[in-house]
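**Student:** A structural model of the following input is requested.
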Amino acid sequence: MKEKLYEIPLNDAMDADEECPFCYLERKVEQELMDFVLGSCASYMESDTRDSTDKEGFCRSHQKKMFDYGNALGNGWILKTYYKKLIKEMKEEFKGFVPQKTSLKDRLTKKSGNSNPITEWVSAKEKTCYICDRFSKRYERFVATFFHLYKNDSGFRTKLSSSKGFCLHHFGDLCSGADRYLSDGERKEFYPLLFQIMEENMERVSEDVDWFIEKFDYTNKDADWKQSKDAVQRGMQKIRGGYPADPVYKMK
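**Tutor:** Take a look at the predicted model:
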């Protein structure tokens, strides 16, 4: 079967033979977005990009990664217009704010009373991130493509069967995706396969962690490390996703 362009990222991720192909895709896309926002293309100087970053901002995690990326001037330009928009909005929120009264009952029960519009405004600001939002849209397409390939490509199913499985986070997303993209009959076949893959590979990583600890016993000092030298970071990834041992991603 001839590979279609949109299928390439999923097949590349499966071929990478890592603990979770979706973690692989997540890291790749995140780095591409960092390069776009702050890299040599200087997209932060484009008005449409700055309009979007002014509107969406960045979450705490990506703000830190942007700082670590190394383009101080680029970060400065992004902050420059974001602050101006933020302060303008903040003044409008403050202008119309009236503290809500709480009743005696609310005070006795420690209930906060009516919702606070300033709190809601801040909360809305924290729910958007230029990088997270764009990754989320691409991620949904990755999940859809995964099930498209599972249904239509026997070679992909073979890769899946012999894979190292998924981290717990992305495993949950696949369970949700199966309910959206597979028929009743397809799910009856898919779930046993997925569960078997997860059980085998969680056991594998757990055994690697066990042997990693055993290697610190003096009686095992001359024994082979087997596959356990990087068991801690792989064990962490399998539980929560990501790449705990990755170095900081910096501007090239």
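**Student:** which residues are contacting stretch 145-155?
**Tutor:** By C-beta atoms under 8 Å, 6 or more residues apart in numbering, the residues outside stretch 145-155 that reach it are 1, 6-7, 9-11, 156-157, 160, 174, 177-178, 181-182, 186, 190. C-beta here means a position set from N, CA and C on the backbone, and glycine is covered the same way.
**Student:** Next: stretch 196-214.
**Tutor:** Stretch 196-214 is contacted by residues 19, 160-161, 163-166, 171, 220, 225-229, 231-232, 234-235, 238 when judged by C-beta under 8 Å, 6+ apart.
**Student:** All the helices of this protein, in order from the start?
**Tutor:** Using DSSP state H, the helices assigned to the chain run over residues 8-15, 21-38, 47-56, 60-69, 72-95, 104-108, 117-126, 130-152, 154-161, 168-181, 184-214, 231-240.
**Student:** Please name whichever of those is nearest to residue 249.
**Tutor:** Ranking these by distance to residue 249, with C-beta to C-beta as the measure, places helix 21-38 first at 5.6 Å.
**Student:** Hey, what's the angle from the closest one to helix 72-95? Just curious.
**Tutor:** Per axes from the mean of the first three to the mean of the last three C-alpha atoms, to 10 degrees, the angle that helix 21-38 makes with helix 72-95 is 90 degrees.
**Student:** picking that back up, narrow the contacts of stretch 145-155 to just the buried residues.
**Tutor:** Listed as buried from these are 7, 9-11, 156-157, 160, 174, 177-178, 181-182, 190; burial here means 16 or more other C-beta atoms under 10 Å.
**Student:** For residue 159, see how far away residue 225 is.
**Tutor:** Remark: distance between residue 225 and residue 159 (C-beta to C-beta, to the nearest Å) = 27 Å.
**Student:** The two: which is more packed in?
**Tutor:** Comparing residue 225 with residue 159 by neighbour count (other C-beta atoms under 10 Å), the higher total belongs to residue 159, at 18 against 13.
**Student:** which residues touch that one?
**Tutor:** 11, 14, 15.
**Student:** The last one: how many residues sit nearby?
**Tutor:** Other residues near residue 15 come to 12 when the count uses other C-beta under 10 Å.
**Student:** Next one: it relative to residue 159, how far apart?
**Tutor:** According to C-beta to C-beta, residue 15 stands 7 Å off from residue 159.
**Student:** sorry, back to before: go through the contacts of stretch 145-155 and name the one nearest residue 58.
**Tutor:** After measuring these against residue 58 - C-beta to C-beta - the closest member comes out as residue 9, at 23.8 Å.
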